[in-house]
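Sequence plus predicted model, see below.
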Amino acid sequence: MKKITVHVTLKQGVLDPQGKAIQTSLHSLGFPEVEEARVGKYIELTMEDDADIEARVKAMCDKLLANPVIEDYRFNVEEAVQS
């Protein structure tokens, strides 16, 4: 089994109103050093090992998990910890 972690973020230049709200709130809470906040998604998948697992995960990201027009993504594949 493989554990895949996917991080999806808005591309630079795309407005992030949620991130701006966080930045404003942090400033009002006494953290003026925060220059920018950006919000993204973190997704964990557990999959059977496959020879083309990276291509499959990339296809999942392109088709569903991320919007390639406005979002960037990166992922990591590692051995899943068995409990």
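The structure has been received and is ready for your questions.

who's in contact with Val34?
Contacts for Val34 were tallied using Cβ atoms under 8 Å, 6 or more residues apart in numbering; they are 23, 26-27. Just so you know, the C-beta spots here come from the backbone N, C-alpha and C atoms, and that holds for glycine as well.

Could you export stretch 29-38 as CSV, CA atoms only?
In CSV, the C-alpha atoms belonging to stretch 29-38 read as follows (Å, rounded to 0.1, in the frame of the first residue of the first chain):
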residue,chain,number,x,y,z
LEU,A,29,-4.8,39.6,16.8
GLY,A,30,-1.4,41.2,17.2
PHE,A,31,0.6,39.4,14.4
PRO,A,32,1.5,42.3,12.1
GLU,A,33,4.6,40.5,10.8
VAL,A,34,2.3,38.3,8.6
GLU,A,35,2.8,39.7,5.1
GLU,A,36,0.6,37.3,3.2
ALA,A,37,-1.5,34.2,3.9
ARG,A,38,-2.6,31.8,1.2
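
and it, what's its mean pLDDT?
Stretch 29-38 carries an average pLDDT of 97.

Once you drop chain neighbours, what's closest to Tyr42?
Leaving aside its sequence neighbours, Tyr42 sits nearest to His7 (Cβ to Cβ, 6 or more residues apart in numbering; 5.9 Å).

Tell me who's in contact with the one you found.
Contacts of His7 by Cβ under 8 Å, 6+ apart are 40-42, 73-75.

what helix or strand is it on?
strand 2-10 (DSSP states H and E).

That strand: which residues count as buried?
For strand 2-10, a neighbour-count test (16 or more other Cβ atoms under 10 Å) marks 2, 4, 6, 8-10 as buried.

okay, the angle between the helix ranked longest in the chain and strand 2-10?
For the chain, the helix reaching the highest residue count under DSSP state H is reported as helix 17-28. Relative orientation of helix 17-28 with respect to strand 2-10: 80 degrees, computed using axes from the mean of the first three to the mean of the last three Cα atoms, to 10 degrees.
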